[in-house]
Structure formats: structure tokens, C-alpha cells
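1. kindly return the folded structure for what I paste below:
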Amino acid sequence: MSRIGKHPVAVPAGVTVQVTGQDVTVKGKLGQLSLTLVDDISATLEGGAVVVKPRNESRTARVNWATSRTLLANMVKGVDTGFTKNLEITGVGYKAAVQGQELLLNLGFSHDVRFPIPAGITMKCDKPTSITISGFDKQKIGQVAAEIRAYRPPEPYKGKGIKYADEVIIRKEGKKK
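-> This next block holds a predicted model:
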């Protein structure tokens, strides 16, 4: 039995939710997102909140119940306040800068890495060693952050590379004589 799926998703002021069959569209000040629910899940708008319920007691309905509710909650929060993800760069000479619609990364390669910034995503580099990724689609922000991190993942000996700001790198001891 889902515990998360039981809670309705509150819709704040300034956000409109439209449910038509299995399609849910959420509009807010930051943008518009849509989701097509699985056939075993139904969503209804009741008193300023979206209620997600399984249509039957099958295993797939129970599995997708909380997932669908969480996706809807992320959509509502995204178009209302947005999401941010912070990356940190560690290493001598490693740095990042935003130039127009590209993120320019110096990561110790023989060339600079140019990462095009996708639509709906904004990036800032307050310091040359920190990248702030923000937008209204949580999945897209996470995907972009993962792609940037994949250029130079942190290594365990010196901790050099790109890591999430809240990530803890478990360090290894080097060679002994």
C-alpha cells in the first residue's frame, strides 16, 4: 500500500492544473509541463488539490501510484518555484564559464569542452569552480547535471573532477612505500 500516493498534491496560487483523461497539464509563472499517466492511475482535481488514485488493485497500479503522484508534485513545484542543482569543480586549472548559450569547461583535456545549454535551463557560474543549473523541469535539470559531471567524474585519490555540491567523495589512500 502506498503511503506517498495517498497525499493529495496541493496546487498553489498562480498555478493551473488541467486534467483531461490521462493527460495532466500544469501551467505556472515559470513554464508549462505535461504528463500522460499510466492507464491504471487516475487523477482528479478536488478542492485546489490533485488527487491521484489507482483504478484497480493490480500490482502495476500500486507500483505506479506513488510514482505518478511524485511526478505531479515535481511538476507543480517546478512551474511555481523551480529547481536548482549545484556542481563544484575541483582540480588545478579546472574551471567553467558561461559564454552565450554555451558552457565552456576547462577540464585538463587538450581542448575546451563546449556544452550547449538546452532550452528551459539557465546556468550561472558565480565562481570559476561552481556551476548553478536551474529551471522548472526536475528531470531535465538532473539529466543536464549528470551529462556535465560525466565529462570528468570525481576521482577517489585527490578528489579532482566535477561533483554535485552535496556529494561526498570517499577518498582512498595513495601508494605506500
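2. which positions within the lengthiest helix in the chain qualify as buried?
-> Counting by DSSP state H, the longest helix found in the chain is helix 59-80. For helix 59-80, the buried set under the neighbour-count rule, 16 or more other CB atoms under 10 Å, comprises 61, 64-69, 71-80. Every C-beta, even on glycine, is put in place using the N, C-alpha and C of the backbone.
3. also stretch 92-103?
-> By neighbour count with 16+ other CB under 10 Å, stretch 92-103 contains the buried residues 94-96, 98, 103.
4. what about it, start to end distance?
-> Start to finish, the residues bounding stretch 92-103 are 19 Å apart (CA to CA, to the nearest Å).
5. try stretch 29-45
-> Stretch 29-45 has its terminal residues 20 Å apart, counting by CA to CA.
6. what mean pLDDT does that stretch have?
-> Regarding stretch 29-45, the rounded mean pLDDT is 92.
7. centre of the chain to it, how far?
-> From the chain centre to the centre of stretch 29-45 is a distance of 17 Å (CA atoms, centre = their mean, to the nearest Å).
8. pull out the buried residues from that stretch.
-> Under the neighbour-count criterion of 16+ other CB under 10 Å, stretch 29-45 has 30, 33, 37-38, 40-43, 45 buried.
9. now do stretch 147-160
-> By neighbour count on 16+ other CB under 10 Å, the buried set for stretch 147-160 is 148-149, 152, 154, 160.
10. output the below-cut-off pLDDT ranges for the protein.
-> Scanning the chain for pLDDT under 70 picks out 1-2.
11. all strands for it, in order.
-> Remark: strands assigned in the chain by DSSP state E are 9-10, 16-20, 23-27, 32-36, 41-46, 49-54, 83-90, 95-99, 102-106, 113-116, 121-124, 130-135, 161-164.
12. still on that earlier bit, and which of the buried residues of stretch 92-103 is nearest to residue 164?
-> Residue 164 has its nearest neighbour among the buried residues of stretch 92-103 in residue 96, at 14.2 Å by CB to CB.
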